[in-house]
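In: Got a sequence here, can you build the structure:
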Amino acid sequence: MGQVAILGGTFDPVHWGHLLIAQAALSQLNLTQVIWVPDRLSPHKQACSYEHRRSMVEQAITDNPSFILSPLETVDAKPNYALKTLTELQDTYSNCQWYWIIGIDAFQTLPHWYYREAVIPACDWLVAPRPITTTRVHFTKSERTQPLPDSQSSWLCQQVAQQLASQDISIRWQLLQMPAVGISSTLIRQYCRQHRSIRYLVPESVRAYITDHNLYLEGVGSSSQV
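Out: Just a heads-up that it's a prediction; the model follows:
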């Protein structure tokens, strides 16, 4: 039985933080593969086209044989919720033990996911600690952008587990042992709009792709110093 993890996201664009999270999961759990699943249609926000985002992920992971791009390529007319992703991958990759890699901020939303009673028990959840700027937990202003210590991250995860237990949903989770990464896709898009360099924030192949396709620029025909 293979141990396979799903890493889903908008990846708008993919960056070094995403790659570090995937590698931490691969190493810590001795996974067989990490399947990268770009959202086909985000239910929460507008994004760069699916084709561009998928191509950037493909460029970013090409040199790691343990990272594979999801074979689910059909563009769906409806939001791509987790249950659909999981069931389609289970049909494609049989006889696997499934993991789901998720950031701690997204982990806190699990009690509100669609069909959570089916999705959550089907996977082991690997939670990546990282800086959080929006959370239900109240911090002082200076604390909100600081990486969460492992003890505090564990506490947040335990709160989620308790919320799910109150809904009669059990969850298996563990924290990924890795440094908190402050890089975000929002920051990268902002840098592009401001014509600032994104070198060393994304893989060089992704930087070149963004430049070649004039992504994340406000003005038509303008160019970014990336």
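In: pLDDT (mean, whole number) over stretch 21-29?
Out: Mean per-residue pLDDT for stretch 21-29: 97.
In: Tell me the buried residues in it?
Out: Ile21, Ala22, Gln23, Ala24, Ala25, Leu26, Leu29 (16 or more other Cβ atoms under 10 Å). Placement of C-beta: from N, CA and C, glycine included.
In: now do stretch 35-55
Out: Neighbour-count burial for stretch 35-55 [16+ other Cβ under 10 Å]: 35-40, 42, 47-48, 50, 52-55.
In: Tell me which of those residues fall in helices.
Out: Tyr50, His52, Arg53, Arg54, Ser55 (DSSP state H).
In: could I get these as a markdown table with pLDDT?
Out: Formatted as a markdown table, these follow (pLDDT from 0 to 100):
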| residue | pLDDT |
| --- | --- |
| Tyr50 | 90 |
| His52 | 96 |
| Arg53 | 96 |
| Arg54 | 95 |
| Ser55 | 97 |
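In: Going along the chain, name the helices of the protein.
Out: 16-29, 50-61, 82-92, 104-107, 116-119, 150-165, 185-193, 204-212.
In: okay but Ala122 is in contact with Trp98, surely?
Out: Yes. Between Ala122 and Trp98 a contact is recorded at 6.2 Å, counting by Cβ atoms under 8 Å.
In: picking up where we left off before, what two of the buried residues of stretch 35-55 are the furthest from one another?
Out: Pairwise distances across the buried residues of stretch 35-55 (Cβ to Cβ) peak at 20.8 Å, for the pair Ile35 and Cys48.
In: Looking at Ala122 and Trp98, which one has more neighbours?
Out: Trp98 (17 against 13; other Cβ atoms under 10 Å).
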